[in-house]
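# Kindly return the folded structure for what I paste below:
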Amino acid sequence: MSQFANRVEVMSELAKNMDAYVQEYLNPIDSNWQPSDMLPDSTKENFLNEVKLLQEAAQELPYDYWAVLIGDTITEEALPTYESWLMAMDSVNQVEDQGQGWVQWIRSWTAEENRHGNLLSTYLYLSGKVDMRAMAVSTQYLISDGFDIGTSSDPYRNFVYTSFQEMATNISHRRTASLAKQHGNPQLSRMCAQIAADELRHAKAYRRFVSEIFKLDPSEMMLAFADMMKKKIVMPAHFLREINGQKSSLFEHFSDAAQRIGVYTTQDYVTIMQGLIQDWEVEKITGLNDAAEKARDYVAALPARLERLADRIKIPELSYPFTWIA
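Numbering: from 1, shown residues only. Take a look at the predicted model:
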């Protein structure tokens, strides 16, 4: 049984260690990497030459790669949506103390994440391969539309989502880094690898938060985990739109491109789920009520079911003509 009466008390208990969490999982601002560290320096005389070399290397990247990189960048640029969503969690403001606690984490996490879109967007602009207006329209739509990921304002469900999503973005950026290197673009490879490293640290943080909640409120945490798995983890870019403003199946085309080049696949979804079950030691958790025991059984059996479905999914071979790609 839970040691606490409600989620606010649980979140308040975790917030007592916030300074340690920030120190362990986020980097100091003054020593952290910044986008300008990996981009041509416009204050230098050789700036235009460096841009020319960047553009020459960009020509070697395949069409689907550009679709995925642009979609990833739009997702990263929609950061204001994610910050406002986390700030709306129950118990955030309730345990707030002069900008500390969970508000401290959300602001610091957002500040670190903000560099990702800045870096990638500048690279895309310099590459000469992207219709930046079309991309900006998609970004503005994504922020304006918002998104419903099925968590409501529940911190338990939100942390299941972020644990999963940060691992998904780590995989995506890590693989775009590897592909860029294969296509002779070490500069872009380094950029994507740096972002992937950030995402991995963030994933470890959110997984840690869930682990701590399982110790304090095991039944409710298990029910939240199972509920999110039933709803499925919807990617932040699920409501992507293009310049015509019509809601469409654009995300499906983006997802197809990612699967065709192996950046993020249905099997990766299953693998992440298996990793969370193992990391949180779901099968070893004690003190569950009857409903939570049933939820655990559901979660434990789900990866095998999804793996069978993944084997039957067919990915379209033809590329979709994205308006983003010049």
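
# May I see the buried residues of stretch 300-307?
302-303, 306-307 (16 or more other CB atoms under 10 Å). The way it works is simple: take the backbone N, C-alpha and C, and place the C-beta from them, glycine included.

# For this structure, which helix or strand comes out least confident on mean pLDDT?
Lowest by mean pLDDT, DSSP states H and E among the helices and strands of the chain is helix 79-87, with a mean of 83.

# Distance from that helix to the middle of the chain?
Its chain's C-alpha centre and that of helix 79-87 lie 12 Å apart, by CA atoms, centre = their mean, to the nearest Å.

# So which elements touch whichever helix or strand comes after that helix?
Once helix 79-87 ends, the next helix or strand along the chain (criterion: DSSP states H and E) is helix 101-127. Contacts defined by 3 or more CB pairs under 8 Å, 6 or more residues apart in numbering; DSSP states H and E place helix 101-127 against helix 7-15, helix 18-25, helix 47-58, helix 63-77, helix 79-87, helix 132-145, helix 186-216.

# Most tightly packed of the ones you listed?
helix 63-77 (a mean of 24; mean count of other CB atoms under 10 Å).

# distance of Met228 from Leu48?
Distance from Met228 to Leu48, counting by CB to CB, to the nearest Å: 49 Å.

# try Asp154
51 Å.

# before we move on, what about Leu223?
58 Å.

# Now Gly275. Nearest residue, chain neighbours left out?
Met167 (6.9 Å; CB to CB, 6 or more residues apart in numbering).

# How many neighbouring residues does that neighbour have?
Residues within reach of Met167, counting by other CB atoms under 10 Å, total 25.

# which secondary structure element contains it?
helix 155-182.

# Tell me which other helices or strands that helix touches.
Contacting helix 155-182 under the criterion 3+ CB pairs under 8 Å, 6+ apart are the following elements: helix 7-15, helix 63-77, helix 186-216, helix 218-231, helix 266-279.

# about what we covered before: mean pLDDT lowest where, among the helices and strands packed on helix 101-127?
Sorting those by mean pLDDT places helix 79-87 lowest, at a mean of 83.

# Measure how it sits relative to helix 155-182, angle-wise.
150 degrees (axes from the mean of the first three to the mean of the last three CA atoms, to 10 degrees).

# Show me what helix 79-87 is in contact with.
Contacts with helix 79-87, where a contact means CB atoms under 8 Å, 6 or more residues apart in numbering, come from 92-93, 103, 106-107, 110, 113-114, 117, 142-143, 146-147, 149, 158, 236.

# what's the lowest-pLDDT member of the residues you listed?
The model is least sure about Asn93 among the contacts of helix 79-87, giving it 62.

# show me what contacts Ile272?
Here Ile272 is in contact with 164, 167-168, 171 (CB under 8 Å, 6+ apart).

# Equivalent analysis for Met132, please.
124-125 are the contacts of Met132 under CB under 8 Å, 6+ apart.

# okay, which residue of this structure is out on the far edge from center?
Glu45 (37.0 Å; CA atoms, centre = their mean).

# Tell me the pLDDT of that one.
97.
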